[in-house]
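Novice: model the following, please.
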Amino acid sequence: MKRKKLSRLLSFALAASLAGSLCTVSAPASPGQPDGGDSAVSLEFEEITDGSVSAQLLEGTEADGDGLSQEEYGEEDIVRVSIVLEEASTVEAGYSIESIADDEEAVEYREELRETQDEIVGEIEEVIDGELDVVRNLTLAANLVSANVEYGQIDVIADVDGVEEIYIENCYEPTVVGDEEETSDPQMATSSSQIGSSTAWEEGYTGAGSRIAVIDTGIDTDHQSFDGGALEYSLSLNAEEAGVDYDAYVESLDLLDADEIAEKLDQLNAYSGYYTSKTLTLAEDDVYYTAKIAFGYNYIDESLDITHDNDSQGEHGSHVEGIAAANACIPDTDSESGYTDALDAVNVQGVAPDAQILSLKVFGSAGGAYDSDIFAAIEDAIILEADAINLSLGSSYAGFSTTTTTYYQAILDSLTEAGAVVCMSAGNAYDWTYYSSVESLYAEDVSFDTVGYPGSYTNSLAVASVANAGSTGNVIRLADGTGFGYTEYTSNSSTGETFGNPKLTTIAGEWEYVYINGFGTEEQFALLADVIKDKIVVVNRGGSLSFATRANYAYQYGAAGLIVANNQSGTLAMNLSGFEGDIPVVSVTQASAELLRTYASEPEENTTGVGYSAGTLTIEASGTIITDSDYYTMSSFSSWGIPGSLELKPEITAPGGTIYSVDGSVAGGTSYETMSGTSMASPQVAGMAAVAAQYIRENSLEEETGLSARQLAQSLLCLHRNPCMSRRASIIPC
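Specialist: Predicted structure coming up:
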């Protein structure tokens, strides 16, 4: 109760402060004077300064409910902490972050900080009477030692000379949702209508020469969409189109290569972390893979394994990297050139297809990423001069910042001079109306902001998700080219039972279909046996028959496949337990069923006694559908809202529902899948930032404007956006 009263008091004080500084207000009309009349009383407000109301009691506290929860630790519980030292970090000491790897004085200063850190670690080990489990050392944007310690040792460590503060670190996870209710699933072939990437491609801006750092679960190094030779082939096409020599063109791009990594290697957190954990020296060839995957390192395990093969953290990273920068071409042994167009072949092309990928793995065998893991990767991305840094990760924490998040926000804010645009997913905690109502506005201290950390940090470009304008994958196409999707269930995910119906794509091609004006009873199938044989049959949902029973009738009477049309809005899930056939069985929406009716015709003579119509359709192995809309709406799962700082968060939107991209979990490197979440929206913006960076470089805009590449890119990205409840929440950078 005390916390609620305090929240209300602060809210009232803030409102009064804003009102007092902006305007005077007339009193409500007196009884009997509905319009106020001449007797309306003018209220006077005293302006309240920042110092008039103190939120000191809130400092370091954590919100209840859906916000941060105060963890309860035992004295011997192991926690991950950031031990912040008194001496200024390299950035705080005044060294410019731009091209900092080439600043000899800055490099020397970082080495001095590291030596001091080692000395203080020795002093800490004396007071805790044991070895300090150091995880990493940061010296660029922060001067801190991250370590695993017993909770009861925190106060003792804080008293060591040279230690300024000590914070318990937050742990993060990828921001992806499991069960997505939206039915459309745009990918790079369709979402370009929303984010404007096709316009940039047509103008020759494909991210060539740009570097995208993806801080995530790693990458499928063998996937065809990340093939190094395919990138080089695409660059050769660019050079040919521009009428320039290939070698000269590549030289002008200044691609990240092993030689450049070698020059900067000992300045990377990856280098010191690998040496500390393995007592081995890291070589440039260990972290340089191909022209496409130009850098890769596993920060959470301090290893060279950046794949998804040896941990349980999933293929999330590959999917994200595919959205941002999947190649424009993929290998094709049947092609004369050895490559083929990726959009035509697999319907997947990254927003910045010619950009290089830096895969910084922070989820691995050791689990999820902590604050210092993330910032170690960010620092390395800056050293390697990434143009865009993507973090499709976060927490569900919202509301007032803890001291830990405040500290790391300050670190990120100190990197504003860096050229990289730092894109972070807003989170999948829905909007504030999901948790509150007008009647209980203050219940459980619900905040108007549901954006999670670190996307809520001031210097991040937080990305929310909008609903989609296209789909890919499962497509049925009618004679005039109209297409629609369908839903199929080949097994019961709860029991593991397999139904026996193969996927509809196994019979891809053109088919005749028969739409029965009924529910698919045995009598209807029997009377139409000659009509439906070797054709696709469509029946309506309804009646007392189970889905499996209808499917068995279709199989028994020789149908090539069965489509069940929903009789109400939305998608239809079918339990086919008991189906004994081997034909495809799928469902379509009520709207799609109307299309099937519209493009079918009744026979001139019908002596069967059953009403039906017939037409032709094409089942596509992989297809795309684009639908136009006058406006876009926020995805139901997407976080957004106004934080306590009154900043605009998130700043930008992109499509995030069921996005079709790389599947890095399947052996062979040719698989693709859909995922949903702001995790999928953020890399689209990162890809556009890389495209914008190419535009900025080639037009010398930094020199002309005096602004940094980050400032220019974010301005271009947000030029046409209207975030949150927006019409046309589009991203058109150039």
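
Novice: contacts only, for residue 332.
Specialist: 338-340, 345 (CB atoms under 8 Å, 6 or more residues apart in numbering). Where C-beta positions appear, they are placed from N, C-alpha and C, glycine not excepted.

Novice: weed out the non-buried ones from those residues.
Specialist: Taking 16 or more other CB atoms under 10 Å as the criterion, what is buried in those is 339-340, 345.

Novice: sketch out the low-pLDDT regions of the stretch 1-150 of the chain for me.
Specialist: For the stretch 1-150 of the chain, applying pLDDT under 70 flags the ranges 1-71.

Novice: for it, which segments count as strands?
Specialist: Applying DSSP state E, counting those that start in this stretch to the stretch 1-150 of the chain gives strands spanning 25-26, 42-43, 78-85, 133-138, 144-150.

Novice: which helices and strands does the last one pack with?
Specialist: Using 3 or more CB pairs under 8 Å, 6 or more residues apart in numbering; DSSP states H and E as the contact test, the elements touching strand 144-150 are strand 78-85, helix 104-128, strand 133-138, helix 371-383.

Novice: after the last one, which helix or strand is next?
Specialist: Read in the C-terminal direction, the helix or strand following helix 371-383 is strand 388-391, with elements assigned using DSSP states H and E.

Novice: return the distance of that next one from the chain's centre.
Specialist: Put simply, strand 388-391 sits 10 Å off its chain's centre (CA atoms, centre = their mean, to the nearest Å).

Novice: ok, back up a step: Serialize the contacts of residue 332 to CSV and add fields for pLDDT, secondary structure and distance to residue 535.
Specialist: Shown next, in CSV, are the contacts of residue 332 (pLDDT from 0 to 100; DSSP: H, G, I helix; E, B strand; the rest coil; distance: CB to CB, whole Å):
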residue, pLDDT, secondary structure, distance to residue 535
338, 96, coil, 41
339, 97, strand, 39
340, 96, strand, 34
345, 89, helix, 30
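
Novice: closest one of those residues to residue 292?
Specialist: Residue 292 lies nearest to residue 339 out of these, by CB to CB, at 12.8 Å.

Novice: who touches that closest one in this structure?
Specialist: Contacts of residue 339 by CB under 8 Å, 6+ apart are 229-230, 233-234, 329-332.

Novice: from the residues you listed, which is closest to residue 208?
Specialist: Closest approach to residue 208 among the contacts of residue 339 (CB to CB): residue 234, at 8.3 Å.

Novice: which one of the contacts of residue 339 is nearest to residue 166?
Specialist: Proximity of those to residue 166 (CB to CB) peaks at residue 230, which lies at 47.8 Å.

Novice: from residue 234, how far off is residue 333?
Specialist: 18 Å (CB to CB, to the nearest Å).

Novice: neighbour count winner among the two?
Specialist: residue 234 (21 against 7; other CB atoms under 10 Å).

Novice: where in the stretch 351-500 of the chain is pLDDT low?
Specialist: By pLDDT under 70, the low-scoring segments of the stretch 351-500 of the chain are 394-405, 416-417, 425-460, 467-474, 493-496.

Novice: ah, wrong one, I meant the stretch 551-700 of the chain
Specialist: 570-571, 622-649, 658.

Novice: what segments of it are helices?
Specialist: 590-598, 678-698 (DSSP state H, counting those that start in this stretch).

Novice: and residue 361, which of these is closest to it?
Specialist: Of the helices of the stretch 551-700 of the chain, nearest to residue 361 by CB to CB is helix 678-698, at 15.3 Å.

Novice: and the next element down the chain from that closest one?
Specialist: helix 701-705.

Novice: who does the next helix or strand after that next one touch, helix- and strand-wise?
Specialist: Helices and strands here follow DSSP H and E; after helix 701-705, the next one along the chain is helix 709-717. In terms of contacts (3+ CB pairs under 8 Å, 6+ apart), helix 709-717 is packed against strand 421-425, helix 678-698, helix 701-705.

Novice: hey, C-alpha coordinates of the helix or strand following the first one in CSV?
Specialist: Yep, that's strand 421-425 we're talking about. Per DSSP H and E, the first helix or strand lying C-terminal to strand 421-425 is strand 461-466. C-alpha atoms of strand 461-466 as CSV (Å, rounded to 0.1, in the frame of the first residue of the first chain):
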residue,chain,number,x,y,z
LEU,A,461,17.1,2.6,-31.6
ALA,A,462,14.2,0.6,-30.2
VAL,A,463,12.2,-1.3,-32.8
ALA,A,464,8.5,-2.3,-32.3
SER,A,465,6.6,-4.6,-34.6
VAL,A,466,3.8,-3.8,-37.0
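
Novice: can you give me how far strand 461-466 is from the chain middle?
Specialist: 8 Å.

Novice: for it, name the packing helices and strands.
Specialist: Under the contact criterion of 3+ CB pairs under 8 Å, 6+ apart, strand 461-466 touches strand 421-425, strand 652-655, helix 678-698.

Novice: spit out the contact partners of residue 540.
Specialist: Residue 540 is in contact with 516-520, 564-565, 567, 593, counting by CB under 8 Å, 6+ apart.

Novice: so which of these comes closest to residue 136?
Specialist: Looking across the contacts of residue 540 and measuring by CB to CB, the closest to residue 136 is residue 564, at 55.4 Å.

Novice: ok, that closest one - how many residues close by?
Specialist: Residue 564 has 26 neighbours, counted by other CB under 10 Å.

Novice: what residues are bridge-paired with it?
Specialist: residue 539, residue 587 (DSSP bridges).

Novice: how about the contacts made by it?
Specialist: By CB under 8 Å, 6+ apart, the contact set of residue 564 is 520, 538-541, 547, 550, 572, 574, 585-588.

Novice: related to what we said a few turns ago, columns distance to residue 653 on top of the buried ones among the contacts of residue 332, output as a markdown table?
Specialist: Listed next are these as a markdown table, based on distance: CB to CB, whole Å:
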| residue | distance to residue 653 |
| --- | --- |
| 339 | 34 |
| 340 | 33 |
| 345 | 29 |
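
Novice: which one of those residues is nearest residue 599?
Specialist: Of these, the one sitting nearest to residue 599 (CB to CB) turns out to be residue 345, at 28.7 Å.

Novice: hmm, back to that, can you list the helices of the stretch 551-700 of the chain in CSV and add mean neighbour count?
Specialist: Below are those laid out as CSV (neighbours: other CB atoms under 10 Å):
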stretch, mean neighbour count
helix 590-598, 17
helix 678-698, 30
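
Novice: so which of the ones you listed gets nearest residue 286?
Specialist: Across the helices of the stretch 551-700 of the chain, the minimum distance to residue 286, taken as CB to CB, is reached by helix 678-698, at 25.0 Å.

Novice: report the angle between that closest one and helix 709-717.
Specialist: Between helix 678-698 and helix 709-717, the angle comes out at 110 degrees (axes from the mean of the first three to the mean of the last three CA atoms, to 10 degrees).
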